[in-house]
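K.L.:
Sharing a sequence plus its predicted fold:
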Amino acid sequence: MPSTTGLVCPHCGWPDGAEPFQVVSAHPTGAGGTLWTRCACGSLQARVVDGHGTRVVSRGRPTPAGR
Ligand SMILES: [Zn+2]
């Protein structure tokens, strides 16, 4: 159950509550973990996973094409 319903990527509109476009790396901890994901538009997102679900805490800019 996502805790951040109604939030979408400001760059491409990908819902934060949906499956991440691409999981870059996952760092599990005892209480949950940290997840780095890349959006469909190329922006890097840091997500914190805890008992309430997944929360996007940081979001980068889309990756320019050709990089
Ligand atoms: Zn996006």
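P.N.:
Sure thing, it's come through. Residues are numbered from 1 along each chain as shown.
K.L.:
How about the helix or strand of the chain with the lowest mean pLDDT, which residues are buried there?
P.N.:
Lowest by mean pLDDT, DSSP states H and E among the helices and strands of the chain is strand 53-59, with a mean of 89. For strand 53-59, burial by neighbour count (16 or more other Cβ atoms under 10 Å) applies to Thr54, Arg55, Val56, Arg59. Any C-beta I mention is one placed from the backbone N, CA and C, and that applies to glycine too.
K.L.:
mind putting these in JSON lines, distance to the ion included?
P.N.:
Listed next are these as JSON lines, based on distance: Cβ to the ion, whole Å:
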{"residue": "Thr54", "distance to the ion": "15"}
{"residue": "Arg55", "distance to the ion": "16"}
{"residue": "Val56", "distance to the ion": "11"}
{"residue": "Arg59", "distance to the ion": "8"}
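K.L.:
Find the pair from those with maximum spatial separation.
P.N.:
Thr54 and Arg59 (13.2 Å; Cβ to Cβ).
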